[in-house]
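K.L.:
Need the 3D shape of this:
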Amino acid sequence: MRAARNPVDSDAPRKSGEAGDGGDGGDEAPQRGLVTVVVPTRDEAANAEELVRRLSAALSPHRLAADVIVVDDSRDDTPRLIQSAAAGSPVPIRVVHRDRPTGGLGGAVADGIALARGTWVAVLDGDLQHPPELLPELVAVGESSGADLVVASRYARGGSSGGLAGPVRRAVSRLSGLTARALFPGRLRGVSDPMSGFFLIRRSLVGADLRPDGYKILLELAVRCRPSGTAEVPYVFQPRFAGASKASFAEGLRFLRHLVVLRFSAPRARMLAFGLIGLSGFVPNLAVLWLLTRYTGTDYAVAEILANQVAVAWNFLLLDAVLFHHRRTRHWSGRFGRFAAVANADLVLRIPLLGVLVHYGHVNVLLGTVLTLVAAFALRFLVTDRAIYVPHPHPPGPPAEPTIAADAG
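P.N.:
Residues are numbered from 1 along each chain as shown. This is a model prediction of the structure:
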C-alpha cells in the first residue's frame, strides 16, 4: 500500500507563466494523457491564492500534463481572486461561475466534468483539505493499475481523517461511509472511503445521466457509472487552510435523501420504497381514526374519510421529500392535488372491481380484496411514477453560456 502524502511546505517557490485557455470543454475529443482537474468552490476567497499556487506547483508541465476547471458558486470574490492568481500560473486554469448552483457542489463537479478535455478527470475541494500534491500519484496509480476510478482514501492503511474538526464529525463521516457501503456492497467493493471528495476517474466512463444532490458526488459516480476497477491511494486529510466548513446538518440530511434516491433508482426498487412509504401511512391513519371516534364522537364513516386524508398527506410528504425529490417539475400544489385524487380514486374503483371478481369470477371475498389492493397499488405507483413525477427527458448537461459569469484563461 502506498504511503500517505502530506502537503508540500507552504513556503515553496511559486511558478510563473501564462494561464492557458482551458478550451470549450466536453464537445472535444479527450486529449490523450491530459488530466483535467475539477475544483468546485463556494465562498473560498481566503483560500484562492494558495489553491492556485499549490495546484500550479503540483501540476507544473514537467510533472503532469494537466489543465484546471474551477466551477464556482460563490457570493464573494473567489472567482476574481482565482482569475488574478491564475494569470501567473504555468497551468491552464479556467474559472466558470454558475449563477444557479444546481445540485450544490456535486452539481458543480458534474458541470466541470462535462467541460473537461482530459483522458482523466481529477476532483478535489478548494479548501486545501485535499492536498493537490497527491494528484500525480493518483494519475500514476490509475495508469499502472488499469482502474477506472482511483480514490484518495482517509481510511486505507496509511491514511488519516485527522483534519476533520472534532470527534463528532469524524464519527459522522465514518457512519455515513459505512451506511453507503451497506446499501451498495457491490458497487462500492474495494472503496474504503465512499465519502471522499478527492478522486480520479476516466472521462470516457462518465455519461450525461448524473443527478448529484449536495457535496458528495463520488457515490453518484461509483453507482451510476459502474467503474470496472477501482484503486485507492491513502492520504492524510488536512485541516482547512482558511475559511469555514460547508458541512452542516442540512447537508447531512441532503446526503441521506440522495442515498435513498440512488438506492431506489431502479423501477422495482422504487416500487418497493413506494410500498413501504404507503404502509407507513397506516400509523397516522389509525391514530387519527382512534382520536376522532374516541374523543369527538365523529361518525365512523366520516372519521375514516378524514383519517384517510391525513394518511394521504403523510405519504405525499415522504414521497415528495425523499423518493421523488429529484423529479419535482410541477408546483407542490399540483403534485399534491394529483396524488390526492389518485389516492382517493382507488377507494371508488376497488369496490366495483371486487364485485366483478366475486360475482362473475367466483373469487373468494378475502382473495378478491387482496387482488384489488394489489391492482390499486400498482396503478397508484404507475400514475405517481409516470404522470405526477414526470422523469426529466434529458438530464442536465454542462452550464449554458448565459450562466457563465466569469471565464478566465
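K.L.:
C-alpha only now, for contacts and for neighbours.
P.N.:
Fine.
K.L.:
can you give me the helices for the stretch 151-300 of the chain?
P.N.:
Assignment of helices within the stretch 151-300 of the chain using DSSP state H, counting those that start in this stretch yields the ranges 166-183, 218-225, 249-263, 267-280, 282-291, 300-318.
K.L.:
Export stretch 305-313 to CSV, keeping only CA atoms.
P.N.:
Taking C-alpha atoms only, stretch 305-313 is exported to CSV below (Å, rounded to 0.1, in the frame of the first residue of the first chain):
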residue,chain,number,x,y,z
ILE,A,305,-62.6,9.6,5.3
LEU,A,306,-60.8,12.2,7.3
ALA,A,307,-58.2,9.8,8.6
ASN,A,308,-57.5,8.6,5.1
GLN,A,309,-56.8,12.2,4.0
VAL,A,310,-54.2,12.5,6.8
ALA,A,311,-52.5,9.3,5.6
VAL,A,312,-52.6,10.6,2.0
ALA,A,313,-50.8,13.8,3.1
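K.L.:
Now tell me what touches it from outside.
P.N.:
Outside of stretch 305-313, the residues within contact range by Cα atoms under 8 Å, 6 or more residues apart in numbering are G281, F282, V283, P284, N285, L286, V288, L289, F336, A340, A343.
K.L.:
A147 reaches T230, doesn't it?
P.N.:
Yes. Under the criterion of Cα atoms under 8 Å, A147 makes contact with T230 at 5.0 Å.
K.L.:
So between the two, which is more surrounded?
P.N.:
T230 (21 against 18; other Cα atoms under 10 Å).
K.L.:
ok, that one - contacts?
P.N.:
Taking Cα under 8 Å, 6+ apart, one finds A147, D148, L149, V150, V151, G190, V191 in contact with T230.
K.L.:
ok, of these, which one's closest to V172?
P.N.:
Nearest to V172 among the contacts of T230, counting by Cα to Cα, is V191 at 17.5 Å.
K.L.:
What is the burial count for the closest one?
P.N.:
As a burial measure, V191 scores 23 neighbours (other Cα under 10 Å).
K.L.:
Would you confirm that it contacts V233?
P.N.:
No. With contact defined as Cα under 8 Å, V191 does not reach V233; the gap is 10.5 Å.
K.L.:
joint contacts of these two?
P.N.:
By Cα under 8 Å, 6+ apart, V191 and V233 have these common neighbours: V151.
K.L.:
so what's the backbone phi/psi at V95?
P.N.:
phi -110, psi 120 (degrees, to the nearest 10).
K.L.:
now the stretch 51-200 of the chain, which segments are flagged as low pLDDT?
P.N.:
163-166, 168-169 (pLDDT under 70).
K.L.:
If we use 80, what do you get?
P.N.:
Low-confidence segments of the stretch 51-200 of the chain, defined by pLDDT under 80: 62-63, 103, 161-174, 176-177, 180-181, 186-187.
K.L.:
what's the spacing between the closest residue to A307 other than its chain neighbours and R63?
P.N.:
Excluding the flanking residues, the one nearest A307 by Cα to Cα, 6 or more residues apart in numbering is N285, at 4.8 Å. Distance, N285 to R63, by Cα to Cα, to the nearest Å: 65 Å.
K.L.:
Right, I'll call it a day here.
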